[in-house]
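>>> generate a structure from the sequence data that follows.
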Amino acid sequence: MFIEALGWAAAVLGAGVALPQVIRLFQTRTTAGLSAPAWQATLGANIAWLVHGFITGHANIWLPNLCYLIITLVILSRLIVERGLSPWATLAPGLALGAVSVGLDVWTGPVVFAIAALVPSAFTQLAQFRALVISTNVQAVSLTFLILNVVNQVLWLSWGTLAGEVSIILCASALGTLMLLNLAWGALRRYGLVRARLAQLSA
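Numbers count the residues shown, from 1 in each chain. I've put the predicted structure just below:
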């Protein structure tokens, strides 16, 4: 009972974890500081985990990823409109990543899938970290979103450990570390404790 409740707690948080980022996006009316490649990779991760949840019969995995997928598409659409990006070129990498990850899940099993699913998610975090380091303006980045990311991975890691879900354990451990790095750097940037790398180079 406790394991199931923990899994659904992670699911509920996972379903809405990116909602503060969407709200921040519409409040500021800018995508400044957001990494387009990060959200392209997130699309791939959403698709991969959505299908993995169906395959393994875990509604607490596929349902939040369906919600997250919708949010990701909203954010990508804002990036496409504001930055004049090609819709096909913007969506294609994420769709391809998702398809490859699903194929590996079906044909090779949970460990290889975990590695395949981790790659786009890790890329997402590293791309966002790069944006936080070099962008002169990080106004659009939601600290609430970054905090919820870390909390969400802690919940997934706890559930995965208790439920014996190898894919979740591997991914939540690695992603939780990267998300904590983004949170720390995002907070330092937001409160003016560090400057953008580009601004330092031009000073």
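>>> okay, and the most centrally placed residue in the chain sits in which element?
Among the residues of the chain, the one closest to the centroid is residue 42, at 5.1 Å (C-alpha atoms, centre = their mean). Following DSSP states H and E, one finds residue 42 within helix 36-56.
>>> what about this protein, any weak spots by pLDDT?
197-203 (pLDDT under 70).
>>> how about the helices of it, start to end?
2-16, 19-28, 36-56, 59-83, 87-108, 110-134, 143-163, 166-190, 197-202 (DSSP state H).
>>> residues in contact with the residue lying closest to residue 99 once chain neighbours are set aside?
Once flanking residues are discounted, residue 99 sits nearest to residue 47: 7.5 Å by C-beta to C-beta, 6 or more residues apart in numbering. (Glycine included, C-beta is placed from N, CA and C.) Residue 47 makes contact with 69, 94, 95, 97, 98, 99, 101, 102 under the criterion C-beta atoms under 8 Å, 6 or more residues apart in numbering.
>>> dump those to TSV, plus neighbour count and distance to residue 22.
What follows is those, written out as TSV (neighbours: other C-beta atoms under 10 Å; distance: C-beta to C-beta, whole Å):
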residue	neighbour count	distance to residue 22
69	19	13
94	25	17
95	14	21
97	25	21
98	23	20
99	14	25
101	27	24
102	22	25
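>>> closest to residue 148 out of the residues you listed?
Of all the contacts of residue 47, residue 69 has the smallest distance to residue 148: 16.9 Å, by C-beta to C-beta.
>>> with adjacent residues omitted, what lies nearest to the closest one?
Nearest to residue 69 is residue 46, by C-beta to C-beta, 6+ apart, at 4.0 Å.
>>> so that neighbour touches residue 98, yeah?
Yes. If you go by C-beta atoms under 8 Å, residue 46 and residue 98 touch, sitting 7.3 Å apart.
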